[in-house]
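[1] okay, here's the prediction I keep looking at, along with the sequence it came from:
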Amino acid sequence: NERQIYLDKIFASEALFTKAESLAEFGTWRMDMNNRFTTWSAGTYRLLGYENGEVDPSMENFLRNIHTEDTGKIEELFKDTGFNTEPAEADVRIINKDGSVRFLHMQFEFELNDRNEPAHIIGFSQDVTRRTLAQIEIQENIAELKAASDRQTDMLNAMPPNMVLLNEAGKIVAVNDAWIRFTLANNLGVPRHGIGFSYLAISEKATGVDPVSEKQIARGIKEIIEGERDEFSMEYSYYSDHKKVWFQLLVAPLTDKTKKGAVVLHIDITDRKEAEELMLQSKANLQTIFENTDIAYVLCNAEQKVVS
């Protein structure tokens, strides 16, 4: 009875271990360093795609399943076992008998004899295929996102307007190349072209916008960030190198409604404003001529009707 109880405990323990191997997807093995006699657990057979006892549990059969590009990792671990008895580990791919590829994380430890020499190698292997594939997918997604981000950056940098991205506190978090050139041309002297600094403070220093316009801009940006309006636009002028220049300021909210912030564009409209001023001056000159001459002028349309 005692013997049977003892055997029952052993069988129960082995059954529990086999179940644990199956649930955690791991297997163990042990090899005698002298005669290379090797034993595999049921989990090791399962990891390699075999039924328990289907093949001889030799190290040769184990290595035969490792991907040819990864066999060097294992050979490197074994070649100096006579000198190095420290635990080791490696990540390898295996090819099951059905041709499918799995990823294993393998760990090795050495049992020493009385002379402190390696006598046995104990190995632990765990199937990490799902984790590895998930990591590969994450890395691929990150690469795709980076590529998309780089494309967007290239597009923004190709645009002539000065562009900045503001967070909910009104601080600059991103800029395009046109803005960088703008800050350099105006000798702003702020690190990272203003990233991390208040946009309004930099803008006031760079453009010398009058206080009234500055208040309008500040209020417009705040209303955009708070979601109180969909867009804000105004025109302003200042003197650069003793020349009057004009810009149109456009502010729009982020398309991502879960985040507060704004995109600010400065569009150079100096040519348009100069053309408008020339047209107004020309119109004023003609009006002066008309009003200071004794000749009567009548302007008619195509139907010969008087329009002016």
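    Here it is on my side, so go on. Numbering: from 1, shown residues only.

[2] when you work out contacts or count neighbours from here on, use the C-alpha atoms and nothing else.
    Will do.

[3] please enumerate the strands of the stretch 101-250 of the chain.
    In the stretch 101-250 of the chain, the segments counted as strands under DSSP state E, counting those that start in this stretch are 101-112, 118-127, 162-167, 172-175, 232-240, 243-253.

[4] who's S233 bridged to?
    Counting by DSSP bridges, S233 is bridged to L250.

[5] typo on my end, it should be G261
    According to DSSP bridges, the residues that bridge with G261 are N167.

[6] got a list of what it touches?
    Neighbour list for G261: 165-170, 224-225, 253-254 [criterion: Cα atoms under 8 Å, 6 or more residues apart in numbering].

[7] just the buried ones from the residues you listed?
    With neighbours counted by 16 or more other Cα atoms under 10 Å, the contacts of G261 contain buried members at 165-167, 170, 224-225, 253-254.

[8] hang on, the earlier thing: what's the most buried one of the strands of the stretch 101-250 of the chain?
    Ranked by average neighbour count under the criterion mean count of other Cα atoms under 10 Å, the strands of the stretch 101-250 of the chain are headed by strand 162-167 at a mean of 23.

[9] returning to what we had before: let's have the strands of the stretch 101-250 of the chain in TSV, adding mean pLDDT and distance to N301.
    As requested, the strands of the stretch 101-250 of the chain are arranged in TSV below (pLDDT from 0 to 100; distance: least, Cα to Cα, whole Å):
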stretch	mean pLDDT	distance to N301
strand 101-112	86	84
strand 118-127	85	88
strand 162-167	88	44
strand 172-175	88	51
strand 232-240	83	35
strand 243-253	87	36
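
[10] so which of those strands comes closest to L145?
    Proximity to L145 (Cα to Cα) singles out strand 172-175 among these, at 16.9 Å.

[11] what comes up buried for the lengthiest helix in the chain?
    Counting residues, the longest helix in the chain under DSSP state H turns out to be helix 129-158. Neighbour-count burial for helix 129-158 flags 156-157 (criterion: 16+ other Cα under 10 Å).

[12] so how far is it off the chain centroid?
    What separates the centre of helix 129-158 from the centre of its chain is 6 Å, taken as Cα atoms, centre = their mean, to the nearest Å.

[13] counting by contacts, list what that helix packs against.
    The criterion is 3 or more Cα pairs under 8 Å, 6 or more residues apart in numbering; DSSP states H and E, and the helices and strands that helix 129-158 contacts are strand 101-112, helix 177-185.

[14] turn those into a markdown table, including distance to E69.
    Conversion of those to a markdown table gives the following (distance: least, Cα to Cα, whole Å):
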| stretch | distance to E69 |
| --- | --- |
| strand 101-112 | 12 |
| helix 177-185 | 45 |
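
[15] list just the one of those that sits closest to I95.
    When the helices and strands packed on helix 129-158 are ranked by proximity to I95, the top entry is strand 101-112, at 4.7 Å, counting by Cα to Cα.

[16] who's in contact with that closest one?
    85-96, 118-129, 132.

[17] okay, the angle between that strand and helix 129-158?
    120 degrees (axes from the mean of the first three to the mean of the last three Cα atoms, to 10 degrees).

[18] within the sheet, what are the partner strands of strand 101-112, with directions?
    Paired strands of strand 101-112, with direction, are strand 88-95 (antiparallel), strand 118-127 (antiparallel) (DSSP bridges).

[19] can you give me how far the last one is from the chain middle?
    What separates the centre of strand 118-127 from the centre of its chain is 38 Å, taken as Cα atoms, centre = their mean.

[20] one step back: any chance of CSV for the strands paired with strand 101-112, columns distance to S58?
    Written out in CSV, the entries for the strands paired with strand 101-112 read as follows (distance: least, Cα to Cα, whole Å):
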stretch, distance to S58
strand 88-95, 16
strand 118-127, 13
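
[21] hang on, the earlier thing: of all the buried ones among the contacts of G261, which comes closest to L265?
    Taking Cα to Cα as the measure, L165 is the one of the buried ones among the contacts of G261 closest to L265, at 9.1 Å.

[22] quick one: that closest one and A42, what's the gap?
    When Cα to Cα, to the nearest Å is applied, the distance between L165 and A42 equals 59 Å.

[23] and if you look at K260?
    Here the distance between K260 and A42 works out to 56 Å (Cα to Cα).

[24] who has more neighbours, those two?
    The residue with more neighbours, out of K260 and A42, is A42; 21 against 18, by other Cα atoms under 10 Å.
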